[in-house]
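Engineer: A predicted structure for the sequence below; I have some questions about it.
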Amino acid sequence: GAVVSQHPSRVICKSGTSVKIECRSLDFQATTMFWYRQFPKQSLMLMATSNEGSKATYEQGVEKDKFLINHASLTLSTLTVTSAHPEDSSFYICSARDNGGGSDTQYFGPGTRLTVL
Amino acid sequence: AQTVTQSQPEMSVQEAETVTLSCTYDTSESDYYLFWYKQPPSRQMILVIRQEAYKQQNATENRFSVNFQKAAKSFSLKISDSQLGDAAMYFCAYRSNNAGGTSYGKLTFGQGTILTVHP
């Protein structure tokens, strides 16, 4: 299957700082990427849909000014957690939608563990 | 809005035995996909199997098969000849195929089932 990478895999930051997480589709173009948040032993919660060349659409209850999403190219979406606080500590996962060739499959990145001190 | 329910927080199985994980969903749509994803301790999400709602035939992938009951809105996963490497958290997921809807392309996940495989 297709490969999606995330960088960094782990990040520790101080409260009040901003952290950027990158999501890349390595061998296909993705007009749509998704960002999820997952707490330990819980399900994935969709935060937002990232659309190449346009604004992201956020799920209800997700602060768009806190979680900035940029999808500047067909292979890269970034999530920036602004003014991070300890409650933002979580596992963040992206997925990229490959709808070329009629497959229409989402491939997931390996995730980023964010710890805010 | 669509919902997905996995009523088994944890399941266990002996190596080489068969186990079935349950999933029910609620939707008013007729065109959708259903998926089972596996999340091992590495936390990398891995697609196990997918089912198109318009297909009556149950999907199979080697040792993994589903029992898709559209009228009952049930989508269970059967793992045959369980292996130690099958131990993971399994998520059932729904995806709308309604291009005009707000949920088009989005995955809705169930709560997950932790599967333990005993040697």
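Structural biologist: Right, received. Where do you want to start? Residues are numbered from 1 along each chain as shown, chains lettered A, B, ... in the order given.
Engineer: all contacts plus neighbour counts: C-alpha atoms, from now on.
Structural biologist: Fine.
Engineer: Okay, A:C94 and chain B: tell me how far apart.
Structural biologist: Distance, A:C94 to chain B, using Cα to the nearest Cα, to the nearest Å: 10 Å.
Engineer: Now do the same contact list for that residue.
Structural biologist: A:6, A:23, A:33-36, A:108-109, A:111 (Cα atoms under 8 Å, 6 or more residues apart in numbering or on different chains).
Engineer: What about chain B: which of the residues you listed touch it?
Structural biologist: For chain B, the contacts drawn from those by Cα under 8 Å from any Cα of the partner chain are A:108-109, A:111.
Engineer: Where neighbours are concerned, which of these has the most?
Structural biologist: Counting neighbours by other Cα atoms under 10 Å in any protein chain shown, A:G111 comes out on top of the ones next to chain B among the contacts of A:C94 with 28 neighbours.
Engineer: give me the beta-bridge partners of the nearest residue to that one once chain neighbours are set aside?
Structural biologist: Of all residues not flanking A:G111 in the chain, A:I93 sits nearest, at 4.3 Å (Cα to Cα, 6 or more residues apart in numbering or on different chains). When bridges are called by DSSP bridges, A:I93 pairs up with A:Y36.
Engineer: Can you give me the neighbour number for A:I93?
Structural biologist: By the measure other Cα under 10 Å, the count of residues near A:I93 is 26.
Engineer: Can you name the residues that contact it?
Structural biologist: Contacts of A:I93 (Cα under 8 Å, 6+ apart): A:35-38, A:108-112.
Engineer: what's the helix or strand for A:F91?
Structural biologist: In this assignment (DSSP states H and E), A:F91 forms part of strand A:90-98.
Engineer: Give me the residues contacting the helix or strand just after that strand.
Structural biologist: Once the chain leaves strand A:90-98, the next helix or strand it forms, by DSSP H and E, is strand A:105-108. Under the criterion Cα under 8 Å, 6+ apart, residues A:2-4, A:93-99, B:44-46 lie in contact with strand A:105-108.
Engineer: Over to stretch A:24-33?
Structural biologist: Contact with stretch A:24-33 is made by A:2-6, A:49-52, A:74-77, A:94-99, as judged by Cα under 8 Å, 6+ apart.
Engineer: ok, now with 7 Å
Structural biologist: A:2-6, A:49-52, A:74-77, A:94-98 (Cα atoms under 7 Å, 6 or more residues apart in numbering or on different chains).
Engineer: Check stretch A:51-65 too.
Structural biologist: In contact with stretch A:51-65 (Cα under 7 Å, 6+ apart) are residues A:31-33, A:46-50, A:69, A:71-74.
Engineer: Count the residues that sit near the residue nearest to B:A16 when sequence neighbours are not counted.
Structural biologist: Nearest residue to B:A16 in three dimensions, chain neighbours excluded: B:D81, at 3.9 Å (Cα to Cα, 6+ apart). By other Cα under 10 Å, the residues close to B:D81 number 15.
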